[in-house]
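Asker: return atomic coordinates for the entry below.
(chains A, B and C)
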Amino acid sequence: MATIREKGYTHWEGVLEERKLPWWPITRTGIQLAFRRKHFKFFFSVSFLPAVVFLVGIYISERIEDFKFMIQGSENFIKINPAFFKTYFTNDFLLFMMVTLLVFSGAGLISDDLKHNALQLYFSRPIGKKDYFLGKASVIFFFILALTLVPGLVLFFMKIVFSGNFKLLTEYPWLLLAIIGFSVLITVFFAFYTLLLSAISKNRRYVTILIFAIYVFSDAIYGILFGIFRSPYVALFSLKASFQQAGAIIFGQKLPYAYPGYLSFLVLFGICALSAAVLHRRIRGVEVIK
Amino acid sequence: MLRTVREVFTFFFFLGKRSQKLKVFFLLSLLPVALAIVVRMTFMRRSSEVMSVFQEILMVYFLQFLIIILTLFYGTSVCSEEIEGKTLPYLTTRPLTKSGIIIGKFAAYTALSAVMVIVSLVASYLIMSFQRLGEAATYGALLRYTGVLILGLMAYTAMFTFLGTFLKKSILIGLVFGFGWETAIQYFPGSTQRFSVVHYLKSLLPYFSKGKFSLLMFRLEPTSPVLAVLVLLLITSGFLGLACLFFSLKEYMFED
Amino acid sequence: MTAVIETRTLSKWYGNVLGLSDVSLSIEPGITGLLGPNGAGKSTFMKLLTGQLKPNIGSVSILGRRIWNDFGAFAKIGFCPESDAFYEEISGWEFLTGLLSFHGFSKAEVRARAEKALDIVDLTGDKDRRIRGYSRGMRQRIKFAQAIGHDPEIIILDEPLSGLDPLGKRKLIRLIKDFRDQGRTILVSSHVLPEIEAMTSRIILIHQGKILAQGDIHFVRDLIESHPHVISIKCDDARGLASKFVNEPYVLKLHFGPDGDTLVAETHKRDAFFGRLNQVVLESGLKVEEITSPDDNLQAVFDYLVGK
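Answerer: As a prediction, the model looks like this:
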């Protein structure tokens, strides 16, 4: 039996269901856009260099006899212990590459939305502020965890696999938690850091400079102040120093700077709190023009 | 051409003054003044040590951080902000030479940066050399520092202006150059150092005894001052000329 | 009349994508409408005319001067771009005076011209507000003001009516007609055909980078032989009227409207049809209420040319 359908708009008879993860499309799009940027794949690949080097180090540590001709007296540096992991997580190159990736993947996260007045497009959908922030922050989470947690876990498990025993786990049962904890700390910090700067301006170029400059500047200021005052407390100005201090505490190592380690945590959490406050104020569905 | 440069300079100097970013950059450039006050209070009577601190620490901040940040932003903005903001037609459909537009904007942004940097330099220097304000040599050194920073601003701005006319992702290349190449090259021996702008700037600085601080002059094999000035002016004019050429010949398409 | 704007085999590629193909035309003083759907090549053509893009093939000249890199030509050209882009941090007044100063006018002249332009576009009261606080319509008007402030001989307007309310559109159309009466050359692009119809009957139709037709809309219509003219007549005796035309060889089709009082005829000889209609009305004393040509308009012409 044939039916003739009336042309025109027909009412949707289905059930409208809310997404379980309303922020997921924002994250997925952000990651796709990052990969579409020219040279991003190159920088992303290069960022895994420290992980590869450290993985080779783990292999060599299990085959120390074969490589004795190479290391000659440097056996200590290939001891796989919490210090090894701390060195990986706080090495300069890795931190630098993370900041570079933030520039590629994070500079335009909010600034582009502000520039193109896209916030109204987001908030006219069933998405709240929390979903918006979570979606944007998750883009940063993806990339930074890919450089921290994933290689950290791979290094841990490969050590167990190469050694053929669970000695690493039994000797340092908290090491896995430390890897996860430090990865989460640095990821959450960088997410707040990047979103704060991205929300400050509609100009992506300006945000790019800020992301880079503040990181470099914090270290430069530490160098200058240390040169003048010779006080270890000036290291609190340096983000890199704060990561190293926090890393030393989390991995149970000797503090690189002679001040209480909890202060570094306060600095990092303070910046996150500032970021949350600024983001809450800046991100609105309606732009108020004075 | 001169009329174009004059009119464009006036407009963009005024526009730059209005920008919110100027306030942030101005605050950043005032940091040496704050540091100078702190240092003065710490090294109250030891004037030679104070001057060493000025050169080896504050000048490091000026040369290897502040002017790079300012020139990177303003230099790339000469062309890129017109393309990103889609305001380029307002300039190119006026009776303005394309070279004049580039030179006018370059001059405006260099002037803005120079005002910020010189205010900070003069204030921090005078604070640091408070005990020697009656000496002519004090002002001679100040003029020298000012000259170095102005030459640096011009050279870097011209370079980044060229990058901005030539490349889409000029900021990233600029960051790699400014904070990567310019920092790393000083560790290279022999003539390799001469492939950087900062080498010629450092060659023009008055040389203090190494003492406790030797950050700025670390491994420096200086070029003669006359040659250094010539090279910096050549870098400025060369990159500016290239920027004018590319801007005149290139078509710029806006992203929809 | 001498052509003010001339293009010869003008073509433009964006990589492998054809933006404009083999456009040769002359534009004379008066208002010329450039029409086409989105992506037809209107903006590409405008950008080539205003020297923002360089032709791959061919040439474009304005007042006898090749436009690419000829900055002197722009003293006589005013351009209103399509994009909603401004120096947001300054006021309308500062924006206008800044751009006018680029023309080399004295400060007093800049001020006088700016005041006049703002008065024309009704923005005098808002001149000191920052552009970022302007509404969409105000932004469009300040954009128009910067295009006319220096009294250009040639005005090129890319979608000038976009964002304006109906009253604003009427005012701007009237303004454009005033400029035409002053002897200026105005090229207006739009994808909204009734807007162009309200301004001019001289059109250039563009589609997929090619010129489909150029000239007076009615002559263009007449040239389209493949599509007969449609004429609708509302009268008190539609069937009686139909019987008078049914034997005419130039009448291709007759049918009646749903109300029964309207006769719709298709003919490829419009003049002959109207001649006969006059005769019939006089002879029979028919009461004709309304005569319309539903397809004697730009939309229909465009649809026919594009092949819809």
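Asker: pLDDT weak spots in the chain?
Answerer: In the absence of a named chain, this looks at chain A. Counting by pLDDT under 70, chain A shows low-confidence ranges at A:1-8, A:65-77, A:285-290.
Asker: actually it's chain C I care about, not the one you picked
Answerer: Within chain C, the stretches with pLDDT under 70 are C:1, C:221-227, C:295-301, C:306-308.
Asker: next, the contact list for the closest residue to A:Leu102 other than its chain neighbours, please.
Answerer: Among residues not flanking A:Leu102 along the chain, A:Thr194 sits closest, at 4.9 Å (Cβ to Cβ, 6 or more residues apart in numbering or on different chains). C-beta coordinates here come from the backbone N, C-alpha and C atoms, glycine included. Taking Cβ atoms under 8 Å, 6 or more residues apart in numbering or on different chains, we find A:Thr194 in contact with A:Leu102, A:Gly106, A:Ala107, A:Leu109, A:Ile140, A:Ile211.
Asker: wait, the second one sits on A:Ile140?
Answerer: Right, A:Gly106. Yes. Counting by Cβ atoms under 8 Å, A:Gly106 does reach A:Ile140; the two are 5.4 Å apart.
Asker: okay, and the common contacts of those two?
Answerer: With contacts taken as Cβ under 8 Å, 6+ apart, A:Gly106 and A:Ile140 have A:Thr194, A:Leu195 as neighbours in common.
Asker: for the residue of the stretch 101-250 of chain C at minimum distance from chain B, grab phi and psi.
Answerer: Nearest residue of the stretch 101-250 of chain C to chain B, counting by Cβ to the nearest Cβ: C:Phe102, 4.2 Å away. The phi and psi values for C:Phe102, taken as degrees, to the nearest 10, are phi -70, psi -10.
Asker: do the same with B:Leu204
Answerer: With angles defined as degrees, to the nearest 10, B:Leu204 sits at phi -90, psi -10.
Asker: put together JSON lines for the contacts of A:Thr194, with neighbour count on each row.
Answerer: Below are the contacts of A:Thr194 laid out as JSON lines (neighbours: other Cβ atoms under 10 Å in any protein chain shown):
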{"residue": "A:Leu102", "neighbour count": "24"}
{"residue": "A:Gly106", "neighbour count": "29"}
{"residue": "A:Ala107", "neighbour count": "25"}
{"residue": "A:Leu109", "neighbour count": "26"}
{"residue": "A:Ile140", "neighbour count": "28"}
{"residue": "A:Ile211", "neighbour count": "23"}
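Asker: ok, how many other residues are close to residue 101?
Answerer: This is for chain A. Number of residues near A:Leu101 (other Cβ atoms under 10 Å in any protein chain shown) recorded here: 23.
Asker: that answer is for a different chain, and I need it for chain B
Answerer: Around B:Ile101 there are 27 residues (other Cβ under 10 Å).
Asker: ok, now which ones touch it?
Answerer: B:Thr4, B:Val8, B:Leu91, B:Thr92, B:Phe247.
Asker: measure the residue of the stretch 101-250 of chain C closest to chain B to A:Ile140 for me?
Answerer: 43 Å (Cβ to Cβ, to the nearest Å).
Asker: what's the answer for B:Thr165, then?
Answerer: In terms of Cβ to Cβ, B:Thr165 sits 32 Å off from A:Ile140.
Asker: what does A:Leu185 give?
Answerer: The spacing between A:Leu185 and A:Ile140, counted by Cβ to Cβ, is 13 Å.
Asker: before we move on, the earlier item: and chain C, which of the contacts of B:Ile101 contact it?
Answerer: B:Thr4, B:Val8, B:Leu91, B:Thr92 (Cβ under 8 Å from any Cβ of the partner chain).
Asker: which residue packs closest to the second one, ignoring adjacent ones?
Answerer: With Cβ to Cβ, 6+ apart as the measure, B:Gly104 is the residue that lies nearest to B:Val8, at 2.7 Å, once sequence neighbours are left out.
Asker: tell me the buried residues in the helix or strand hosting that neighbour?
Answerer: Assigned by DSSP states H and E, B:Gly104 belongs to helix B:98-128. Neighbour counts using 16 or more other Cβ atoms under 10 Å in any protein chain shown place B:98-118, B:120-121, B:123-128 of helix B:98-128 among the buried residues.
Asker: number of nearby residues for C:Ser26?
Answerer: Around C:Ser26 there are 14 residues (other Cβ under 10 Å).
Asker: is it in a bridge, and if so with what?
Answerer: With DSSP bridges as the criterion, C:Ser26 is bridged to C:Glu6.
Asker: that one contacts C:Thr32, correct?
Answerer: No. Using Cβ under 8 Å as the test, C:Ser26 is too far from C:Thr32 to be in contact (10.0 Å).
Asker: in chain C, which residue is most central in space?
Answerer: C:Gly33 (2.5 Å; Cα atoms, centre = their mean).
Asker: partner residues bridging it?
Answerer: On the basis of DSSP bridges, C:Gly33 is bridged to C:Val188, C:Ile203.
Asker: I'd say it and C:Val188 touch.
Answerer: Yes. With contacts counted by Cβ under 8 Å, C:Gly33 reaches C:Val188, the gap being 5.5 Å.
Asker: what's the overlap in contacts for the two?
Answerer: Contact criterion Cβ under 8 Å, 6+ apart; residues shared by C:Gly33 and C:Val188: C:Ile196, C:Met199, C:Thr200.
Asker: helices of the stretch 151-300 of chain C, start to end?
Answerer: For the stretch 151-300 of chain C, the helices defined by DSSP state H, counting those that start in this stretch cover C:166-181, C:193-199, C:217-223, C:238-245, C:270-284, C:298-306.
Asker: tell me which other helices or strands the longest one touches.
Answerer: Using 3 or more Cβ pairs under 8 Å, 6 or more residues apart in numbering or on different chains; DSSP states H and E as the contact criterion, the secondary-structure elements in contact with helix C:166-181 are strand C:30-35, helix C:136-148, strand C:154-158, strand C:185-190, helix C:193-199.
Asker: give me the phi and psi angles of C:Leu10.
Answerer: phi -70, psi 120.
Asker: let me know whether it touches C:Lys47 as I believe.
Answerer: No. Shown here, C:Leu10 and C:Lys47 do not form a contact pair, counting by Cβ under 8 Å, at 11.5 Å.
Asker: which neighbours do those two have in common?
Answerer: Common contacts of C:Leu10 and C:Lys47 (Cβ under 8 Å, 6+ apart): none found.
Asker: and B:Gln230, how far is that from B:Thr192?
Answerer: Not quite, residue B:230 is Leu, not Gln. Look at B:Leu230 and B:Thr192: by Cβ to Cβ, they are 20 Å apart.
Asker: whoops, A:Gln245 was the one
Answerer: Distance from A:Gln245 to B:Thr192, by Cβ to Cβ: 36 Å.
Asker: between these two, which is the more surrounded one?
Answerer: Each of A:Gln245 and B:Thr192 has its neighbours counted (other Cβ under 10 Å); A:Gln245 has more, 27 against 13.
Asker: cheers, nothing more for now.
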